[in-house]
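1. my questions are about this predicted structure, shown below with the sequence.
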Amino acid sequence: MSQRWHKSKLFNKSNKIKLTTLSNSFDLKALGDPLRGLRQRILHLFSLALILLTVCTACAPPPAVAKDRSFPEMSLEFLGEYELPKINFEGVPVGGLSAITYDPKGISAVSSKAYRFYALSDDPSENGEARFYSLRLDITSSDPSNIRLKKVTVEGVTSLKKADGETFSWGSINPEGIALSPRNSVFVASEGVTHVGIPPFLGEFDLKTGQMRGKLPIPKRYIPDASDEKQQQGVVDNLGFESLTIDPETFSQGGLDPFRLFAATEAQLMQDLDPEQASKLRLLHYIIVDKTPQLVSENLYTLDQVPMTILNGLTELVTVGGGQILSLERSFGLSGYGARIYQVAVGAATDTSRIQSFKGRVAVEPVKKKLLLDLSQLGIPLYNLEGMTLGPRLPDGSQSLVLVSDDNFDEAQKTQFILLSLKGKG
């Protein structure tokens, strides 16, 4: 979502265990018990043992909590950042970079460690045609212990076109997410333009020509039922589909085999808005099979609340294999921009594809989340981070993770690239 200002519509209980010792009184003398002394000694020893048992139980450490196997061990390390200067490319300003994806085929004609990425501009054909850029990222790697992002260069641009080959007219598209597919195409998420009746879409575009090949089916509940204050259903204006990722483990030669795609909204659907509950977003899971893509399931994603913020949303998803996804939640408040990266596991989540609204008490198991990195702790200024992708393997064997910020075509904001090292085991 471009930050163009708009209006959009536990406690824990402690249970205390009280241990009560019950005593039995025996009148052994009245019973004429010949073993009275022995029995008194046994009773004394039993009482002492009971007291020691009670004390030891109270002092014992709490029972070990079973490790949550939903999340394999992972960690992120900050390696550096790079700010792209304000430039024009082919006469059009480079900006609004709201999504990024890595091309593993890379750049083979150079000797340095340079890699190919594609970055999507969220320009709605206002400053130029709706487009994505081809970028070259140079990473210094002479010393594996001192890996840095050296430079980012814009090398090419591709205009997005409709199925008929025509470019998108001004305001007819709101591009926010991009993912490279194994069949020489990119999938692009458009939030739609609700206030003028333009619905959201998830489309596939040819990597070379930029022409649309087709669209994924989107459930009716995502489509706005009105373009004004009467809207009761669908994505909220400028808060629709923002995240898009394809599972790299399902890539095949030529893209002949089915592959998995995930998409999510930045904020709640209109029918899910509930000020008394946490933000409940929807995550879609597709299987892309030739020309008949199928929606497999939908899950609830709960957005974390960040104190003192006026803007908070899910801006990116990245599949990392092993059934794991990384999510990027971006916020803006009195202290500026913030961002957090989470591990996400969808395996045990409820399929919510038949739930029209999350309002009220709906028994739903959301996807599991675990905070992996709070980027505000890096000690660097943060900007409007919206894009994230896996990159190449680094010289130390770790997986790179690259983030990019959307400068909103604002002179005061920056196009910031951040390089992280992802380490862990599946």
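-> Nice, thanks for sending it over.
2. for the protein, which segments count as helices?
-> 28-31, 36-59 (DSSP state H).
3. which one of these has the poorest average confidence?
-> Of all these, helix 28-31 carries the lowest average pLDDT, namely a mean of 33.
4. Asn88 reaches Gly95, doesn't it?
-> No. Using Cβ atoms under 8 Å, Asn88 makes no contact with Gly95, being 9.8 Å away. Any C-beta I mention is one placed from the backbone N, CA and C, and that applies to glycine too.
5. who has more neighbours out of the two?
-> Legend: neighbour count by other Cβ atoms under 10 Å for Asn88 and Gly95, higher for Gly95 (24 against 12).
6. quick check: that one touching Glu411?
-> No. In this structure Gly95 lies outside contact range of Glu411 using Cβ under 8 Å: 9.9 Å.
7. joint contacts of the two?
-> Lys86 (Cβ atoms under 8 Å, 6 or more residues apart in numbering).
8. return the distance of the spatially most central residue of the chain relative to Asp410.
-> Per Cα atoms, centre = their mean, the C-alpha nearest to the average position across the chain is that of Ser327, at 1.5 Å. Per Cβ to Cβ, to the nearest Å, Ser327 is found 26 Å from Asp410.
9. how about Thr158?
-> Separation of Thr158 from Asp410 (Cβ to Cβ): 24 Å.
10. please apply the same query to Ile139.
-> In this view, Ile139 and Asp410 are 28 Å apart by Cβ to Cβ.
11. looking at those two, which one has more neighbours?
-> Ile139 (22 against 14).
12. run through the bridge partners of the more buried one.
-> Bridge pairing for Ile139 (DSSP bridges) gives the partners Leu149.
13. what mean pLDDT does stretch 187-205 get?
-> On average, stretch 187-205 scores 94.
14. would you mind writing the CA trace of it as CSV?
-> What follows is stretch 187-205, C-alpha atoms only, in CSV (Å, rounded to 0.1, in the frame of the first residue of the first chain):
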residue,chain,number,x,y,z
PHE,A,187,2.4,-13.1,-10.7
VAL,A,188,1.3,-9.7,-9.7
ALA,A,189,-1.2,-8.7,-7.0
SER,A,190,-3.3,-5.6,-7.5
GLU,A,191,-5.2,-4.1,-4.5
GLY,A,192,-7.9,-2.7,-6.8
VAL,A,193,-9.2,0.8,-6.6
THR,A,194,-12.4,0.5,-4.6
HIS,A,195,-13.5,4.1,-4.7
VAL,A,196,-13.8,4.0,-8.5
GLY,A,197,-15.1,0.4,-8.7
ILE,A,198,-11.9,-1.3,-9.9
PRO,A,199,-11.8,-4.8,-8.2
PRO,A,200,-8.6,-6.4,-6.9
PHE,A,201,-6.9,-9.2,-8.9
LEU,A,202,-4.1,-11.7,-8.9
GLY,A,203,-2.7,-12.0,-12.4
GLU,A,204,0.0,-13.8,-14.3
PHE,A,205,2.2,-11.7,-16.7
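15. chain center to that stretch, what's the gap?
-> Its chain's average C-alpha position is 20 Å from that of stretch 187-205, according to Cα atoms, centre = their mean, to the nearest Å.
16. isn't Asp304 up against Ile341?
-> No. Using Cβ under 8 Å, Asp304 makes no contact with Ile341, being 11.6 Å away.
17. and Ala226, what does it touch?
-> Counting by Cβ under 8 Å, 6+ apart, Ala226 makes contact with Gln232.
18. what score does it have for pLDDT?
-> Confidence score, pLDDT, at Ala226: 94.
19. equivalent analysis for Leu311, please.
-> On pLDDT, Leu311 comes in at 89.
20. any idea how far it lies from Leu256?
-> In this view, Leu311 and Leu256 are 42 Å apart by Cβ to Cβ.
21. ok, now Ala348?
-> Separation of Ala348 from Leu256 (Cβ to Cβ): 31 Å.
22. one step back: which of Leu311 and Leu256 has more neighbours?
-> Counted by other Cβ under 10 Å, Leu311 and Leu256 do not tie: Leu311 has more neighbours, with 17 against 10.
23. what about Leu373, neighbour count?
-> Leu373 - counted by other Cβ under 10 Å - has 22 other residues nearby.
24. show me the beta-bridge partners of it.
-> With DSSP bridges as the criterion, Leu373 is bridged to Ile341.
25. low-confidence stretches in the stretch 301-426 of the chain?
-> The stretch 301-426 of the chain contains residues with pLDDT under 70 at 425-426.
26. all strands for it, in order.
-> 309-321, 324-333, 336-345, 368-374, 385-393, 399-405, 415-424 (DSSP state E, counting those that start in this stretch).
27. let's have those strands in a markdown table, adding distance to Pro175.
-> Formatted as a markdown table, the strands of the stretch 301-426 of the chain follow (distance: least, Cβ to Cβ, whole Å):
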| stretch | distance to Pro175 |
| --- | --- |
| strand 309-321 | 14 |
| strand 324-333 | 17 |
| strand 336-345 | 21 |
| strand 368-374 | 27 |
| strand 385-393 | 11 |
| strand 399-405 | 14 |
| strand 415-424 | 16 |
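28. wait, Lys105 sits on Phe117?
-> No. In this structure, Lys105 is not within contact of Phe117 by Cβ under 8 Å, at 11.6 Å.
29. ok, which stretches of the stretch 151-300 of the chain are strands?
-> 175-180, 185-190, 201-206, 212-215, 241-246, 259-265, 280-288, 294-302.
30. so what touches the shortest one?
-> Counting contacts by Cβ under 8 Å, 6+ apart, the residues outside strand 212-215 that touch it are 160-163, 185, 201-206, 291, 293.
31. check these for burial and list the buried ones.
-> With burial judged by 16 or more other Cβ atoms under 10 Å, the buried subset of the contacts of strand 212-215 is Leu160, Lys161, Lys162, Ser185, Phe201, Leu202, Gly203, Glu204, Phe205, Asp206, Pro293.
32. do I have it right that the first one meets Tyr133?
-> The one in question is Leu160. No. Contact criterion Cβ under 8 Å: Leu160 and Tyr133 do not qualify, at 11.7 Å.
33. run a quick neighbour tally on Gly323.
-> Other residues within reach of Gly323, judged by other Cβ under 10 Å, total 15.
34. actually Thr315, sorry about that
-> Thr315 has 28 nearby residues by other Cβ under 10 Å.
35. what sits against it?
-> Here Thr315 is in contact with Met1, Ser98, Glu242, Ser243, Glu266, Leu328, Glu329, Arg330, Leu385, Glu386, Gly387, Met388 (criterion: Cβ under 8 Å, 6+ apart).
36. closest to Leu283 out of those?
-> Ser243 (8.1 Å; Cβ to Cβ).
37. bridged to that closest one, which residues?
-> Ala264.
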